[in-house]
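Visitor: Predicted model follows, preceded by the sequence.
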Amino acid sequence: MFKNYLKIAWRNLTNNKGYSIINIGGLALGMAVTLIIGLWIQDELSHNNYFSKKEKIAQVFQSQTFNGNTGTGPAIPRPLEKALRDGYNDNFEHLVMSSWNISRYLKYKDKSLSKTGNFMQREAPEMLDLKILKGEKDGLRELNSVMLSASVAKALFGNEEPIGKTLKVNNQYDVMVSAVYEDIPFNNSFHDTEFLMSWDKMIASQEWMKNAEDQWGNNSFQMFVQIADNTTMDRVTEAILNVKKNLNEDTAEFNPQIFLFPMKDWYLRGNFENGKQSGGRIKYVWLFGIIGAFVLLLACINFMNLSTARSEKRAKEVGIRKSIGSRRNQLINQFLSESFIVVLFAFVVAIVFVMLCLNGFNDLSKKEISFPWTNSVFWLSSLVFILFTALVAGSYPALYLSSFKPVDVLKGSFKAGKYAGLPRKILVILQFTVSVAFIIGTVIVMQQINYAKNRPVGYDKEGLVQIPTFSQDFQGKYDLMRTEFLNSNAVIEMSASSSPTTQIWSNRSGFDWDGKPEGFQEDLAWTEVTPEYAKSLGMKIVDGRDFSREFATDSNAVLLNQTAVKYMGIKNPVGKFLKDDDEEDPNPPLKIIGVVEDMITQSPYEAVKQGVYVFDKHGNSSFYNLRLNPNQSASQNLTIIESVFKEHFPDLPFEYDFVDTEYGEKFASEERIGTLSGIFTALAIFISCLGLFGLTSFVAEQRTKEIGVRKVLGATVFGVWRMLSKDFLKLVIISCFIAVPIAYYVMNGWLQDYPYHVLLEWWVFAMAVIGAMFVTVITVSFQAIKAANSNPVKSLRTE
């Protein structure tokens with residue numbers, strides 16, 4: 001019986017090639033989009049699955065409250081380690097202190113590479129369950145040991161045996177390779193951890209870290225833990241929540257709360273708002289999941305509409321089958337078999353589409369997704385996917401067609417009925433409602449990105465290059481290098497800073513000033529700079545003056561940004577002082593000599609943070625900031641700069657970043673989402689139009705004789721076109737009235753996540769409506785004009 005079903009299904013497909021191509025093509029496109037989105041979602045949800053102890057690993061986070069606003073992050077003080085080991089050690093299998101992911105120069109013989117990694121405590125490799133390829137897992141046991149990723153070991157040593165070899169770090173100290181571990185895959189935290197060094201080595205080589213051992217206010221460190229098997233994240237968090245507040249009175253005013261942030265949430269649920277977890281990338285998983293479901297639904301609607309529209313052509317077949325004894329369930333099975341074959345063909349074509357598009361999709365989404373040919377779960381899921389799609393697409397046509405009465409059909413009195421086309425109209429409305437909503441959403445996303453891009457940044461980011469200066473080789477050489485670079489004619493100005501231009505690396509509190517409100521708890525972004533900083537970046541001084549080497553007192557001077565002046569409530573700030581509120585060991589007061597225009601250093605979608613720029617008198621710079629000569633090409637300037645750099649630092653690799661590129665990275669995530677949404681929207685519209693095209697061609701075919709009669713009676717081409725087009729335009733207009741308020745509600749809610757956002761304007765919605773109507777007219781017109789120009793003699797010949 002099943003074989004007979006398949007034969008008849010195949011015969012119907014080959015006898016109606018045009019409709020079969022539209023059905024298979026539309027479904028294939030919808031399934032391809034759904035498959036790609038499914039692979040993307042699977043990649044997102046599998047983040048950190050590389051770590052076998054994922055469910056037990058967490059990072060220690062801290063929330064602190066400043067003037068009623070609670071901030072949350074992973075920065076913790078070093079004394080917290082001792083407090084947790086002494087008082088709560090039973091809760092942890094492993095407890096690991098860590099530096100931030102930092103860049104270091106690794107040199108072997110005459111080869112020097114800049115790589116990123118962490119200084120971590122001895123238990124880290126065991127906690128992360130690193131796959132050791134050479135050496136031992138306890139590779140951080142010795143003070144001067146280093147563990148390398150496989151790719152770094154290969155780059156440094158080639159085919160040599162790496163274990164036991166000595167590396168020089170930042171031309172400062174030697175370490176010995178104790179282990180080589182497998183590269184951590186891309187879709188995992190620590191994937192850019194290319195080396196691990198001993199935490200004790202970092203403490204031994206940095207005086208400030210030794211001093212931080214009892215500084216509860218110095219939140220400059222990270223801590224990772226693996227909880228014990230006999231407890232839970234919530235129970236441990238409950239136990240340690242107030243440990244810092246209880247042990248240190250000086251920070252108690254900020255109500256510090258310590259808690260565990262599970263590894264399983266790091267990637268998808270990493271946002272916090274006023275101390276509470278508030279989602280993260282999981283919203284994009286939901287967004288694209290919904291898009292994939294709707295795109296597949298649009299393709300299924302095409303199949304339903306074309307199948308039911310051809311009902312009169314298949315009515316006699318149903319009548320004959322019923323008259324010779326076919327039961328309704330057998331007819332339903334027959335039509336579902338046809339649906340299954342169409343979906344199966346469509347799935348094969350979809351696989352081809354996915355294979356052709358996957359590399360481009362990876363480039364666009366910054367992923368490394370591969371097609372899971374050998375994954376049995378994927379193929380089992382695909383079978384369920386095929387059956388589900390076949391059922392969704394074929395259920396309504398099967399139930400509708402199998403309901404025909406054989407007496408009416410065989411007597412020739414069968415008519416589809418006054419409301420037979422109503423379900424098709426509803427489905428068309430649904431299709432275009434989704435498509436119009438997608439159009440509006442995509443336009444608003446791109447508007448928001450461009451709005452933030454066009455926001456004044458407070459400095460000139462074009463032609464600005466920054467060079468990292470982490471190595472000891474740079475110590476004490478700023479003045480020399482500034483002179484050398486300026487004399488090279490490739491640089492017109494240069495400065496140094498403790499943070500990159502596009503980030504904030506340090507925050508400070510603990511100051512007093514005239515007029516400071518009682519109980520005010522400040523939180524200031526802190527950047528140490530050389531006197532040429534504002535000039536080299538092109539910052540604007542709006543009050544007072546810039547730093548100057550001519551004034552010796554400027555070594556204890558600061559610049560505030562405009563937001564800091566408002567935040568601190570200082571009127572006429574120039575000439576006033578910021579005083580250290582540490583009465584026992586106060587630092588000299590800092591004189592405010594000027595106010596600079598706000599500069600965007602964090603997210604361009606958020607308000608500028610209150611910032612202080614301090615004269616760097618200790619040489620704590622981490623970056624050189626170079627303003628390139630605009631009268632020469634960038635490549636020419638960089639060639640000269642590199643030659644000067646290599647003359648003074650022959651053992652270090654020449655590394656640099658364009659600040660405008662770094663700033664552009666702040667838009668990368670939203671741009672990717674906007675671009676992908678645009679592509680999927682275009683595909684959704686195409687699928688909708690494909691179904692509309694097929695439906696129009698069938699309606700034109702169904703009304704061939706009517707059109708012939710109208711033309712004989714004098715109907716014009718325009719009149720016939722209007723007759724065939726108006727019904728579809730009505731449906732699209734109805735869908736627009738439904739889509740517009742839905743899109744407004746959803747996108748208005750999305751924009752509220754951004755403090756700095758675009759306003760919703762009427763023309764966006766009007767443009768989407770006009771665009772949908774235009775696309776409808778174009779789609780319908782081809783078949784309508786073709787039918788209007790047909791010869792009426794041919795259509796009436798059989799009458």
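Guide: Thanks, I have it.

Visitor: and the gap between residue 546 and residue 556?
Guide: Distance of residue 546 to residue 556, computed by CB to CB, to the nearest Å: 16 Å. C-beta here means a position set from N, CA and C on the backbone, and glycine is covered the same way.

Visitor: Now do the strands in the stretch 351-500 of the chain.
Guide: Under the criterion DSSP state E, counting those that start in this stretch, the stretch 351-500 of the chain contains strands at 464-468, 491-497.

Visitor: Could I get the contacting residues of residue 504?
Guide: 525, 527, 601-602, 609, 611 (CB atoms under 8 Å, 6 or more residues apart in numbering).

Visitor: can we see that at 10 Å?
Guide: 524-527, 601-602, 609, 611 (CB atoms under 10 Å, 6 or more residues apart in numbering).

Visitor: can you check residue 668 too?
Guide: Per CB under 10 Å, 6+ apart, neighbours of residue 668: residue 366.

Visitor: Equivalent analysis for residue 434, please.
Guide: So residue 434 contacts 290-291, 294-295, 297-298, 301, 681, 684-685, 687-688, 735, 738-739, 742 (CB under 10 Å, 6+ apart).

Visitor: Model confidence score at it, please.
Guide: We have a pLDDT of 89 for residue 434.

Visitor: Same question for the one 3 residues further on.
Guide: In this model, residue 437 is scored at 92, pLDDT.

Visitor: ditto for residue 391
Guide: We note a pLDDT of 83 for residue 391 in this prediction.

Visitor: Is it correct that it is in contact with residue 340?
Guide: Yes. Taking CB atoms under 10 Å as the definition, residue 391 is a contact partner of residue 340 at 8.8 Å.

Visitor: Settle it for me: which of those two has more neighbours?
Guide: residue 340 (21 against 15; other CB atoms under 10 Å).

Visitor: which element is that one on?
Guide: helix 328-365 (DSSP states H and E).

Visitor: Pull the distance from that helix to the chain's centre.
Guide: Remark: helix 328-365 is offset 28 Å from the chain centroid, using CA atoms, centre = their mean, to the nearest Å.

Visitor: now stretch 196-214
Guide: 35 Å.

Visitor: got the buried residues for it?
Guide: 196-203, 205, 209, 212 (16 or more other CB atoms under 10 Å).

Visitor: now do stretch 350-357
Guide: 350-351, 353-354, 357.

Visitor: just for the stretch 251-400 of the chain, where's the confidence low?
Guide: 307-326, 328, 396-398, 400 (pLDDT under 70).

Visitor: Select the helix or strand of this structure having the lowest average pLDDT value.
Guide: Sorting the helices and strands of the chain by mean pLDDT, DSSP states H and E puts helix 406-410 at the bottom, at a mean of 57.

Visitor: Do you know the pLDDT at residue 793?
Guide: At residue 793, the pLDDT value in this model is 61.

Visitor: Equivalent analysis for residue 596, please.
Guide: 96.

Visitor: From residue 301, how far off is it?
Guide: 57 Å.

Visitor: Same check on residue 255?
Guide: 54 Å.

Visitor: Please apply the same query to residue 55.
Guide: 41 Å.

Visitor: Please apply the same query to residue 522.
Guide: 58 Å.

Visitor: quick one: which of those two has more around it?
Guide: residue 301 (25 against 21).

Visitor: Return the residues in contact with the residue nearest to that one when sequence neighbours are not counted.
Guide: Sequence neighbours aside, residue 427 is the residue nearest to residue 301 in space, at 4.5 Å (criterion: CB to CB, 6 or more residues apart in numbering). Each residue near residue 427 by CB under 10 Å, 6+ apart is listed here: 297-298, 300-302, 304-305, 308, 396, 691, 695, 731.

Visitor: I'd say residue 21 and residue 697 touch.
Guide: No. Here residue 21 lies out of contact with residue 697, judged by CB under 10 Å, at a distance of 11.7 Å.

Visitor: name the element residue 757 belongs to?
Guide: Here residue 757 is assigned to no helix or strand, by DSSP H and E.

Visitor: Would you list the phi and psi of it?
Guide: Dihedral angles of residue 757 (phi, psi; degrees, to the nearest 10) stand at phi -140, psi 160.

Visitor: what's the neighbour count on it?
Guide: By other CB under 10 Å, neighbour count at residue 757 equals 17.

Visitor: so it makes contact with residue 603?
Guide: No. If you go by CB under 10 Å, residue 757 and residue 603 don't touch, sitting 11.9 Å apart.

Visitor: Mutual contacts of these two, please.
Guide: residue 452.

Visitor: gap between the two ends of stretch 151-166?
Guide: 17 Å (CA to CA, to the nearest Å).

Visitor: Over to stretch 696-707?
Guide: 14 Å.

Visitor: Quick one: mean pLDDT over it.
Guide: Mean predicted confidence for stretch 696-707 is 68.

Visitor: Which secondary structure element is home to residue 560?
Guide: Residue 560 belongs to strand 557-561, assigned by DSSP H and E.

Visitor: tell me the average confidence for that strand?
Guide: 95.

Visitor: Look at residue 14 and report its pLDDT.
Guide: 70.

Visitor: Quick check: it is in a helix.
Guide: Yes. Using DSSP: H, G, I helix; E, B strand; the rest coil, the assignment for residue 14 is a helix.

Visitor: Does the nearest residue to it once chain neighbours are set aside fall in a helix, a strand, or a coil region?
Guide: Computed as CB to CB, 6+ apart, the closest residue to residue 14 that is not its neighbour in sequence is residue 20, at 7.5 Å. Of the three states, residue 20 takes helix according to three-state DSSP.

Visitor: burial measure for residue 20, as a count.
Guide: Neighbour number of residue 20 under other CB under 10 Å is 18.

Visitor: Compute the distance between the residue lying closest to residue 600 once chain neighbours are set aside and residue 790, please.
Guide: Ranked by CB to CB, 6+ apart and with sequence neighbours excluded, the top spatial neighbour of residue 600 is residue 457, at 4.8 Å. The gap separating residue 457 from residue 790 is 62 Å, by CB to CB.

Visitor: Comparing the two, which shows the higher neighbour count?
Guide: Higher neighbour count among residue 457 and residue 790: residue 457, with 22 against 16, using other CB under 10 Å.

Visitor: now the strands: where do they sit in the stretch 51-200 of the chain?
Guide: Using DSSP E, counting those that start in this stretch, strands in the stretch 51-200 of the chain cover 57-66, 69-73, 92-98, 102-108, 111-120, 132-135, 145-149, 166-169, 173-181, 195-198.

Visitor: what's the residue positioned nearest the centre of the chain in contact with, if anything?
Guide: Nearest to the geometric centre of the chain sits residue 669, at 3.9 Å (CA atoms, centre = their mean). Counting by CB under 10 Å, 6+ apart, residue 669 makes contact with 281, 284, 366.

Visitor: Surely the first one touches residue 267?
Guide: Yes. If you go by CB under 10 Å, residue 281 and residue 267 touch, sitting 6.4 Å apart.
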